[in-house]
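# Would you be able to build a 3D model of this:
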Amino acid sequence: MIHWHNRTKYNLTAGAKKKTGKISETLLADRQKHFIIDVSIVSRTGIKGLNKKYRQKDETTDVLSFPVFENLSETSKINAPVLLGEIVICPDFVSSENDLLELFEHGLNHLIGKHHAE
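Take a look at the predicted model:
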């Protein structure tokens, strides 16, 4: 399940929400769990502040991920829906729905433990 929090005027369509749901189903298909993902759409100022606070980088970025677990194996004994973490997206870097989907997928990969070198 994806919980969306749009804190901007970005036009988040029902179609984009549905497609991100399909992406999450695909990436999480081999896991026998019901996961919850929070996604926030924030301003350039908002993401810059988060980037500075949590990554010590005083610059804007397109997407940030804040995983709850370092390793998904930590969720194996939880018998309830599990919050994976939060993906934060800045719409200033989104010029098409495809851009949004790519940022979502990139952020989700970080939540499940896949990183740039993999």
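# Just the helices from this protein, written as ranges.
Using DSSP state H, the helices of the chain run over 14-27, 44-55, 97-111.
# Bridge partners for residue 88, pull those for me.
residue 40, residue 64 (DSSP bridges).
# Below-threshold pLDDT in the protein: ranges please.
32, 116-118 (pLDDT under 70).
# residue nearest the centroid of it?
residue 87 (2.6 Å; CA atoms, centre = their mean).
# isn't residue 88 right next to residue 64, touching?
Yes. Using CB atoms under 8 Å, residue 88 is in contact with residue 64, at 4.4 Å. Every residue, glycine included, has its C-beta placed from N, CA and C.
# Tell me which of those two has more neighbours.
Looking at residue 88 and residue 64 with other CB atoms under 10 Å, you find the greater number of neighbours at residue 88, namely 24 against 20.
# Just the CA atoms of stretch 93-110, as CSV, please.
What follows is stretch 93-110 as a C-alpha-only set of coordinates in CSV (Å, rounded to 0.1, in the frame of the first residue of the first chain):
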residue,chain,number,x,y,z
PHE,A,93,12.8,17.4,-11.3
VAL,A,94,9.8,15.8,-12.8
SER,A,95,8.9,16.8,-16.4
SER,A,96,6.8,13.8,-17.2
GLU,A,97,4.9,11.0,-15.6
ASN,A,98,7.8,8.7,-16.6
ASP,A,99,10.2,10.8,-14.6
LEU,A,100,8.0,10.4,-11.5
LEU,A,101,7.8,6.7,-12.0
GLU,A,102,11.6,6.4,-12.3
LEU,A,103,12.2,8.5,-9.2
PHE,A,104,9.6,6.3,-7.3
GLU,A,105,11.3,3.1,-8.5
HIS,A,106,14.8,4.5,-7.6
GLY,A,107,13.5,5.4,-4.1
LEU,A,108,11.8,2.1,-3.6
ASN,A,109,15.0,0.2,-4.6
HIS,A,110,16.8,2.1,-1.7
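# Alright, calling it a day.
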